[in-house]
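Engineer: Provided below are the primary sequence and the corresponding predicted coordinates.
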Amino acid sequence: MDEQHAGQRGGLTLLHHAVGGSHIELLGNREAVVEGCQGILEYGDDVVRVRAGRLIVRFTGRNLKIRCMTADSLVVEGFLRGMEFMV
Amino acid sequence: MLVQLARWFWGSARFRVEGSAERFFNHCARREIALWGMQAGDAPGAWIRAGQYRELLACAHTARCRLRVEEKRGLPFQTYWLRRRKGLAAGAVIGALILAVLSQQIWCVQAEGLQTITRRELDAACREIGLVPGAWKSAVDPLQAEQQLMLRFPNVSWLTVNTQGSAAYIKLSEGVEKPDMDAWKRPGNVKAAAAGQILRVEVFEGEALVSEGDAVTADQLLISGVVEDTFGNVTLRHAAGRIFASTVREFTAEVPMTETVKEETGAVLTRRCAEVFGLRLPLTLAAEPGAGWERASVRTVLRANGVELPVAWLEETWAQTIERERILTPEEALAAARAEVQEQKSSLKSLTVLSEEEQISEENGVLRYTVRAQCEEDIAVEAEILVNSPN
């Protein structure tokens, strides 16, 4: 049982490294909290692109806004239609 | 809500970014400049705390952007006009502080239900226990104050002390003094207060020793408290009763024909002072004139909605007087003498004057007025029998 848990934890850690150490939380399709992002690449009403470690995360939707932003996190809100990961 | 309140308190500004908004926002994020309400589209912009706006200029320079302030909100901008009126702002702050401090104090003490107790006596008692204008409300314990005032005035049946706002209200009800019931238990006789002839005898307790038509002298025993029953047993009682007798009274009044009167010379001195929380602030430099002057003072207390405020205005008017001898006319002297005799008559209980004779004489500058009156009165006076108990 413990070996199974250890295996799961190892898998999550690998995934965490794969997405560049960022942590993304979605609140329905209304809000996305991105922790561990390195900056905004594109900011528009329909598209928000942010750099998250080795990945670029692209949020699409309408009336998108960055509600607040700090050095390593931001909150995107609006009507989210999609989220893409681009390498 | 709290965040919005903080933003309003510190002030915030909305600016527009001309250039690459993404680069500018990234620089701001790296410099840990908190932005909110970031807008995208043709006119990108954001909100920032007013005090941090200057820090944006470096970010804008690095990102090769230009910033334009579009809107300002919050307390610092709303009160900007006060910067040129610092005195007004300081006055408002000081006023608020004074109000905050003064609201912790008692401004006035109001009393209700005073009958025999005078306001001056109550004020003196309140001063002793610290319930005075200017006292801190936290230092006044209403329950303790009630107890102390009740002890100070034993004839008060109930008393409450309440603090409402900055006023202390004392409500009291004066009770009827308890009669001395022990006096009725002590044995006593009834004696005659004056000589006369008995007209009527009313015995409530004891044994009557006189009857109608008897002539009695002053201090004669009228009703005995020592009662003997048919078996020869003696009991001591508190004798009581009313003995009406026809008496002859003589009232005399002597009035000097000259009197000393004070006359004003016309010189008047007015002294004024303000009273704030019991502290008197003199507004006149002149000292009290002293002897030969008479004072009349008026104290005007400021009121608001029927509540006395701890601010009063005192005005003392001193009038210079001189004493002068005045010779009374015979009519004036006689009137004064009659008034004095009338006072003597009214001091006697249940006195009815049936007839009277007046005698007026003047000797050595003194008017002597004598009234010899035939009266009907209650001459009964209770006198205690002193019994030495072996216990």
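Structural biologist: Thanks, I have it.
Engineer: What about the nearest residue to B:E264 once chain neighbours are set aside, how many residues nearby?
Structural biologist: Computed as CB to CB, 6 or more residues apart in numbering or on different chains, the closest residue to B:E264 that is not its neighbour in sequence is B:A319, at 5.0 Å. C-beta here means a position set from N, CA and C on the backbone, and glycine is covered the same way. B:A319 is flanked by 16 other residues according to other CB atoms under 10 Å in any protein chain shown.
Engineer: Check which helix or strand B:K345 maps to.
Structural biologist: helix B:330-346 (DSSP states H and E).
Engineer: What of A:V75?
Structural biologist: Applying DSSP H and E, one finds A:V75 within strand A:73-86.
Engineer: For that strand, which helices and strands make contact with it?
Structural biologist: Applying 3 or more CB pairs under 8 Å, 6 or more residues apart in numbering or on different chains; DSSP states H and E, one finds that strand A:73-86 contacts strand A:23-27, strand A:31-35, strand A:47-52, strand A:55-69.
Engineer: hmm, who's touching stretch A:35-42?
Structural biologist: A:20-25, A:48-53, A:56-58, A:66, A:69, A:72-74, B:22, B:25-26, B:29-30 (CB atoms under 8 Å, 6 or more residues apart in numbering or on different chains).
Engineer: Return the residues of chain A in contact with chain B.
Structural biologist: With CB under 8 Å from any CB of the partner chain as the criterion, chain A meets chain B at residues A:39-45, A:48, A:64-72, A:74.
Engineer: pretty sure B:L88 contacts B:I94?
Structural biologist: No. Between B:L88 and B:I94 there is no contact under CB atoms under 8 Å: 10.8 Å.
Engineer: Have a look at chain B and report its longest strand.
Structural biologist: strand B:307-327 (DSSP state E).
Engineer: tilt between that strand and helix B:330-346?
Structural biologist: 120 degrees (axes from the mean of the first three to the mean of the last three CA atoms, to 10 degrees).
Engineer: I'd like the distance from strand B:307-327 to the chain centre, please.
Structural biologist: When distances are taken as CA atoms, centre = their mean, to the nearest Å, strand B:307-327 is centred 21 Å away from the chain's centroid.
Engineer: Counting by contacts, list what that strand packs against.
Structural biologist: Strand B:307-327 packs on strand B:108-112, strand B:258-276, strand B:293-304, going by 3+ CB pairs under 8 Å, 6+ apart.
Engineer: same thing but 10 Å
Structural biologist: strand B:108-112, strand B:167-174, strand B:258-276, strand B:279-282, strand B:293-304 (3 or more CB pairs under 10 Å, 6 or more residues apart in numbering or on different chains; DSSP states H and E).
Engineer: Produce a PyMOL select command limited to the buried residues of the contacts of stretch A:35-42.
Structural biologist: Per 16 or more other CB atoms under 10 Å in any protein chain shown, the buried members of these correspond to this PyMOL selection:
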select buried, (chain A and resi 20+22+24+48+49+50+51+52+53+56+57+58+66+69+72+74) or (chain B and resi 22+25+26+29)
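Engineer: what's the most centrally placed residue in chain A in contact with, if anything?
Structural biologist: With distances taken as CA atoms, centre = their mean, the residue of chain A nearest its centroid is A:I24 (3.8 Å). Residues in contact with A:I24 (CB atoms under 10 Å, 6 or more residues apart in numbering or on different chains) are A:32-37, A:50, A:52, A:55, A:57, A:59, A:76, A:83, A:85.
Engineer: Is it possible to get JSON lines of the residues you listed that adds pLDDT?
Structural biologist: As requested, those are exported to JSON lines (pLDDT from 0 to 100):
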{"residue": "A:A32", "pLDDT": "94"}
{"residue": "A:V33", "pLDDT": "93"}
{"residue": "A:V34", "pLDDT": "91"}
{"residue": "A:E35", "pLDDT": "90"}
{"residue": "A:G36", "pLDDT": "88"}
{"residue": "A:C37", "pLDDT": "86"}
{"residue": "A:V50", "pLDDT": "91"}
{"residue": "A:A52", "pLDDT": "87"}
{"residue": "A:L55", "pLDDT": "86"}
{"residue": "A:V57", "pLDDT": "92"}
{"residue": "A:F59", "pLDDT": "94"}
{"residue": "A:V76", "pLDDT": "92"}
{"residue": "A:M83", "pLDDT": "93"}
{"residue": "A:F85", "pLDDT": "89"}
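Engineer: Brilliant, that's me finished.
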